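In: Prediction below, plus the sequence it came from.
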Amino acid sequence: MKALVAVKRVVDYNVKVRVKTDGSDVDIDNVKMSMNPFDEVAVEEAVRLKEAGKISEIVAVSLGGKKSEETLRTALAMGADRAVHVETDAKLEPLAVAKLLKAVADKEAPQLLLLGKQAIDDDANQTAQMLAALLGAAQGTFACKVALENSEVLVTREVDGGEETLALKLPAVISADLRLNEPRFVKLPNIMAAKKKPLEKTTPADLGVDISPKTNVVKVAEPKPRQAGIKVGSVAELVEKLKNEAKVI
């Protein structure tokens with residue numbers, strides 16, 4: 001059984017994001033970048049399934065500029081067998097990402113597709129759902145537990161009332177939540193070995209996918225500073241302020 005895992009290069013979660021002076025985008029010059037944390041969880045889950053004998057091959061795929069290769073090498077060091085880099089400097093929207101991943105999936109024919117539930121840069125939380133729709137495959141989102149059983153995968157996910165478990169026929173698309181697992185620390189020998197693992201390069205044109213944007217960014221701005229809070233003496237005073245001052249009720 002083959003698993004396809006999508007990984008994205010994003011600004012490291014410990015870095016305070018800055019906006020460019022012209023308000024056109026986020027400034028990533030000389031900023032530490034790393035693998036999207038949710039995608040890291042997805043890679044770890046694929047590796048654990050392989051270690052349990054449920055998966056025979058893990059293919060990591062990333063879409064982006066040349067430096068996305070570093071993210072793929074991290075995935076290979078974690079335990080992926082090979083990687084596919086769809087190289088493009090274009091700013092990709094979730095639908096374009098889903099179409100590119102579908103094109104790669106059509107070529108690789110994986111039974112299991114693992115993605116992070118969202119990327120921490122745009123927080124779109126759309127790609128996994130769009131990919132499942134494009135493939136006509138079953139989907140399990142926000143997974144906190146995954147178990148492969150013969151021709152189906154059991155996905156436990158958190159919902160408002162607790163947890164629910166879905167039995168999905170393969171092939172299936174699963175998006176990983178942070179509570180699914182804790183990614184392993186990558187050791188130096190694995191990092192060195194990852195440099196020798198195969199990494200295939202392709203482009204959106206090679207895959208025959210149109211990645212032209214469907215939306216225009218008008219302006220990017222930092223959020224307004226949070227105002228200081230106040231203390232109230234009673235519930236009645238709180239309700240009065242929420243109703244007459246904040247006007248939220």
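Out: It's in. Numbers count the residues shown, from 1 in each chain.
In: and Ala109, how many residues sit next to it?
Out: 9 (other C-beta atoms under 10 Å). For the C-beta atoms, the positions are set from N, CA and C on the backbone; glycine is no exception.
In: actually Asp177, sorry about that
Out: Every residue meeting other C-beta under 10 Å relative to Asp177 is counted, giving 19.
In: how much space between it and Lys32?
Out: For Asp177, the distance to Lys32 equals 24 Å [C-beta to C-beta, to the nearest Å].
In: Need the CA coordinates for the longest strand seen in the chain. CSV is fine.
Out: Longest strand of the chain, by residue count under DSSP state E: strand 138-149. The C-alpha trace of strand 138-149 is given here as CSV (Å, rounded to 0.1, in the frame of the first residue of the first chain):
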residue,chain,number,x,y,z
ALA,A,138,-13.7,9.3,0.9
GLN,A,139,-12.4,11.9,3.4
GLY,A,140,-11.8,12.0,7.1
THR,A,141,-10.9,15.5,8.4
PHE,A,142,-9.3,16.6,11.7
ALA,A,143,-8.1,13.0,12.5
CYS,A,144,-6.9,12.3,16.0
LYS,A,145,-6.5,8.6,15.4
VAL,A,146,-6.0,6.5,12.3
ALA,A,147,-6.1,2.7,11.9
LEU,A,148,-5.8,0.7,8.7
GLU,A,149,-7.9,-2.4,8.5
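In: Buried residues, it. List them.
Out: Ala138, Gln139, Gly140, Thr141, Phe142, Ala143, Lys145, Val146, Leu148 (16 or more other C-beta atoms under 10 Å).
In: ok, residues contacting it?
Out: Residues from elsewhere that reach strand 138-149 (C-beta atoms under 8 Å, 6 or more residues apart in numbering): 1, 45, 49, 54-55, 112, 117, 128-129, 132, 153-158, 163, 165-166, 168-177, 179-180.
In: How far away from the center of its chain is that strand?
Out: 15 Å (C-alpha atoms, centre = their mean, to the nearest Å).
In: Relative to that strand, what are the paired strands and their orientations?
Out: strand 152-159 (antiparallel), strand 172-176 (parallel) (DSSP bridges).
In: show me the contacts for the residue nearest to Asp89 when sequence neighbours are not counted.
Out: Leaving aside its sequence neighbours, Asp89 sits nearest to Gly65 (C-beta to C-beta, 6 or more residues apart in numbering; 5.0 Å). Gly65 is in contact with Glu87, Thr88, Asp89, counting by C-beta under 8 Å, 6+ apart.
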